[in-house]
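Engineer: From the sequence below, what's the structure:
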Amino acid sequence: MSLISANHISKEYRVGEMAVQALSDVSFEIEPASFVSFVGPSGSGKTTLLNLLGCLDKPTEGTLTVAETDVASLDRKASAAFRGKTIGFIFQDFNLLPVLTVYENIEYPLLMVQKVPPEERERRVTALLDAVGMADQRDKYPDQISGGQKQRVAIARALVTNPKLVLADEPTANLDHDTAYMVLNLMKKMRNEFKTTFIFSTHDQKIVGEAETIFTLEDGKLNSAKGKGGNGNG
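Structural biologist: Numbers count the residues shown, from 1 in each chain. The predicted structure is shown next:
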């Protein structure tokens, strides 16, 4: 069964008297444990689509199912609960809290969203610190680590709730070439280990080259989709 099923979804915004069509009649399926990239120029609808997949917004038309849930039908409270349980987010500017340590940043979703007991929090955070190679940096603050290290922490934070889906908006935009590849390889390793689906919105050809399935958006329409075959180690 598909993890995500989008059927003829459209999204229209009102700007004063004017209607802006951000997405128009978009349909696609995404399988579990996939590594997927949505590509296209600025204004093509990539961020709008990620917002819909992340239950931060709702389509104007069409149906959108994520993890067997009709997310378009959820109210605000139910959307927040679903996000906390099912979806992780990785941002291009990392979005780490400067007053929290590396450990505390990763732990934060478990405190705020899932109310996980202390012993289980420690087990999950410690395991992910090891997995992303940041165990020796656990007590440092964000301003004491590099951009690549911040993105490792952001990946661990996105995975700590055991989500089925991680959404990454331009996750390598603020990283140099070598660091970007390191982060991409780490995300692939995490996908293989946790069977989490990663979906990217990007201009970055490095990500496009690593994605197993590539959807191309232009002017709010899905122009094409191509895959490299399978959900293997890639």
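
Engineer: contacting residues for A33?
Structural biologist: R191, K195, T196, T197, N231 (C-beta atoms under 8 Å, 6 or more residues apart in numbering). C-beta here means a position set from N, CA and C on the backbone, and glycine is covered the same way.

Engineer: wait, which of the residues you listed is closest to D75?
Structural biologist: T197 (24.8 Å; C-beta to C-beta).

Engineer: Regarding the chain, what is its longest helix?
Structural biologist: helix 177-194 (DSSP state H).

Engineer: re earlier: quick check, nearest of the contacts of A33 to L52?
Structural biologist: Distances from L52 to the contacts of A33, taken by C-beta to C-beta, are shortest for T197, at 15.3 Å.

Engineer: Tell me which residues of stretch 87-96 come out buried.
Structural biologist: Applying a neighbour-count criterion of 16 or more other C-beta atoms under 10 Å, the buried positions in stretch 87-96 are I87, G88, F89, I90, F91, Q92, F94, L96.

Engineer: where does the third one land on pLDDT?
Structural biologist: In other words, F89. Looking at F89, its pLDDT reads 94.

Engineer: so it sits in a strand?
Structural biologist: Yes: assignment of F89 by DSSP: H, G, I helix; E, B strand; the rest coil places it within a strand.

Engineer: What residues does the nearest residue to E61 once chain neighbours are set aside make contact with?
Structural biologist: In this structure, E61 finds its nearest non-sequential neighbour in S10, 4.3 Å apart by C-beta to C-beta, 6 or more residues apart in numbering. Applying C-beta under 8 Å, 6+ apart to S10 gives the contacts Q21, L23, S24, D25, V26, P59, T60, E61, G62.

Engineer: how about those in JSON lines, adding distance to P171, neighbour count and pLDDT?
Structural biologist: Listed next are the contacts of S10 as JSON lines, based on distance: C-beta to C-beta, whole Å; neighbours: other C-beta atoms under 10 Å; pLDDT from 0 to 100:
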{"residue": "Q21", "distance to P171": "27", "neighbour count": "15", "pLDDT": "93"}
{"residue": "L23", "distance to P171": "22", "neighbour count": "25", "pLDDT": "96"}
{"residue": "S24", "distance to P171": "26", "neighbour count": "17", "pLDDT": "96"}
{"residue": "D25", "distance to P171": "28", "neighbour count": "14", "pLDDT": "96"}
{"residue": "V26", "distance to P171": "22", "neighbour count": "23", "pLDDT": "96"}
{"residue": "P59", "distance to P171": "24", "neighbour count": "22", "pLDDT": "96"}
{"residue": "T60", "distance to P171": "28", "neighbour count": "16", "pLDDT": "95"}
{"residue": "E61", "distance to P171": "29", "neighbour count": "14", "pLDDT": "96"}
{"residue": "G62", "distance to P171": "27", "neighbour count": "17", "pLDDT": "96"}
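
Engineer: This completes my enquiry, with thanks.
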